[in-house]
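Engineer: Sequence and predicted structure are below.
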Amino acid sequence: MTSLPVPFTVAIDGPAAAGKGTIARAVAERFDLGHLDTGLLYRAVGRKTLAGMAALEAARSLSEDDLNPEDALRTAPVAEAASRVAVDTEVRAALVDFQRAFARRSGGAVLDGRDIGTVICPRAEVKLFVIADPEVRARRRYQELAGKGQDVTLEGVAEDLARRDARDAERADAPMVAADDAVVLDTSAMSIEDAVAQAIARVQSVLQP
Ligand code: CDP
């Protein structure tokens with residue numbers, strides 16, 4: 001087993017439904033790292049706003065319990081609410097410490113989101129920016145949500161992703177953008193196994209140059 005430089009952080013960013021989560025989970029498992037899906041934090045805040053709470057209050061009072069059950073966070077309305085609260089600088093600031101503390105955990109960590117390699121962990125040892133064509137991403141997300149019995153259409157999902165990507169990329173604070181030193185992984189024509197293998201190879205090459 002390769003010993004990790006401490007702390008060792010893998011930052012995985014990219015647009016909606018590009019495959020970040022699957023890749024992040026697989027990399028974490030392969031190298032025995034902790035994994036934080038930072039999108040869940042924004043989704044949890046967004047979900048609370050749908051229930052009537054102010055976004056900043058929701059962000060400041062967020063607890064582990066709010067991240068469960070995960071299925072309640074993985075819906076189209078909650079994703080939309082998440083991207084709306086994510087433009088708020090104070091909301092983002094309220095979530096920074098938790099993410100940075102997780103990134104520094106002793107066993108090493110993988111974080112996935114939009115601003116991990118640029119804002120949260122600009123000195124991460126490995127940075128990946130995962131992308132895929134919009135049609136491919138829409139199909140993947142449609143299959144995921146429809147497979148859970150959610151009432152969605154392919155066209156609706158495609159519109160939701162496009163609107164969210166635009167909002168995430170154009171916001172003033174921590175916009176979604178690849179860090180200068182990120183490796184871009186285009187998963188459009190890749191199986192998930194290939195995408196995971198490439199991500200693992202990248203981590204391995206940093207550990208054993
Ligand atoms: O799963 P998907 O890629 O569709 O979205 P997510 O990663 O769960 O993120 C949901 C929303 O949270 C995004 O559209 C962003 O607006 C926001 N987000 C963010 O601003 N910064 C992050 N580090 C992670 C998510």
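Structural biologist: In hand now; what should we look at? Numbering: from 1, shown residues only.

Engineer: Tell me how far the residue nearest to Gly14 when sequence neighbours are not counted lies from the ligand.
Structural biologist: Nearest residue to Gly14, sequence neighbours excluded (C-beta to C-beta, 6 or more residues apart in numbering): Val130, at 3.8 Å. C-beta here means a position set from N, CA and C on the backbone, and glycine is covered the same way. Val130 sits 9 Å away from the ligand when distances are taken as C-beta to the nearest ligand atom, to the nearest Å.

Engineer: One more: Pro122?
Structural biologist: The value you get for Pro122 to the ligand, if C-beta to the nearest ligand atom is used, is 13 Å.

Engineer: That residue and Asp180 touch, don't they?
Structural biologist: No: taking contacts as C-beta atoms under 8 Å, Pro122 lies outside contact range of Asp180: 10.0 Å.

Engineer: These two: which is more packed in?
Structural biologist: Ranked by neighbour count (other C-beta atoms under 10 Å), Pro122 and Asp180 place Pro122 first, with 14 against 9.

Engineer: and the more buried one, that one's in a strand?
Structural biologist: No: per DSSP: H, G, I helix; E, B strand; the rest coil, Pro122 lies outside any strand segment and is coil.

Engineer: Nearest residue to it in space, ignoring adjacent ones along the chain?
Structural biologist: Closest residue in space to Pro122, ignoring its immediate chain neighbours: Ala179 at 7.1 Å, by C-beta to C-beta, 6+ apart.

Engineer: pLDDT score for the one you found?
Structural biologist: Per-residue confidence (pLDDT) for Ala179: 98.

Engineer: residues in contact with it?
Structural biologist: Ala179 makes contact with 11, 13, 117-118, 122, 127, 129 under the criterion C-beta atoms under 8 Å, 6 or more residues apart in numbering.

Engineer: on that earlier part again, how much space separates the residue nearest to Gly14 from Ala94?
Structural biologist: According to C-beta to C-beta, to the nearest Å, Val130 and Ala94 sit 26 Å apart.

Engineer: Could you do Ala82 as well?
Structural biologist: Counting by C-beta to C-beta, the gap from Ala82 to Ala94 is 14 Å.

Engineer: For the protein, just list every one of the helices.
Structural biologist: 20-31, 39-50, 55-60, 70-73, 76-85, 89-103, 134-147, 154-170, 192-207 (DSSP state H).

Engineer: now this protein, which segments are flagged as low pLDDT?
Structural biologist: Low-confidence segments of the chain (pLDDT under 70): 1-3.

Engineer: Quick check: residues of it near the ligand?
Structural biologist: 16-17, 38-39, 42-43, 79, 82-83, 86, 113-116, 164, 168 (C-beta under 6 Å from any ligand atom).
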